[in-house]
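Visitor: pasting a predicted model and its sequence here:
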Amino acid sequence: MTICTSGDKYCSYIAFDAYKYFCNHTGDTFKEKEIEVHYCDLSDDNVFGWCEQVDDNSWLIHIHNALGYEEHFRTLFHEYMHVVQDIEGLKDEGLREHQAYQIEGLMYKEMCGSLQTVH
């Protein structure tokens with residue numbers, strides 16, 4: 001699996017940290033794909049991020065370049081979940097969003113909990 005960042009590079013290390021955490025909690029199929037996280041101003045789009053499948057093995061994720069720490073991680077987890085849904089062939093938009101919102105909250109909470117146990 002390859003992950004890279006492009007664009008404004010706003011806290012791009014978070015994309016890598018979120019990716020590593022997500023990979024440790026999902027199957028191998030996600031790890032085998034290529035993901036580019038592109039940082040840009042999404043203010044006019046009124047979203048924090050979105051995901052688009054480029055081909056069978058690669059995705060482009062756009063992330064707003066001015067997110068706070070928590071929202072940044074949550075948005076990446078949300079968009080990474082959409083990659084998994086694309087791989088699995090899930091098309092129902094309502095279900096896709098429901099699952100992605102559940103995963104973003106759960107993973108962020110678990111990640112923060114695991115960081116607190118490290119001394």
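Guide: All right, it came through fine. Numbering: from 1, shown residues only.

Visitor: buried ones in the helix or strand bottoming out on mean pLDDT in the chain?
Guide: One helix or strand of the chain scores below all others by mean pLDDT, DSSP states H and E: helix 28-31, with a mean of 81. By 16 or more other CB atoms under 10 Å, the buried positions in helix 28-31 come out as residue 30. C-beta coordinates here come from the backbone N, C-alpha and C atoms, glycine included.

Visitor: after it, which helix or strand is next?
Guide: strand 34-40 (DSSP states H and E).

Visitor: residues contacting that following strand, please?
Guide: Strand 34-40 has contacts (CB atoms under 8 Å, 6 or more residues apart in numbering) with 1-10, 12, 15, 19, 57-65, 76, 80, 83.

Visitor: mind listing what it pairs with, with the direction of each?
Guide: Here strand 34-40 has these sheet partners by DSSP bridges: strand 2-7 (parallel), strand 58-64 (parallel).

Visitor: just these: most buried one?
Guide: Of all the strands paired with strand 34-40, strand 58-64 carries the top mean neighbour count, a mean of 20, counting by mean count of other CB atoms under 10 Å.
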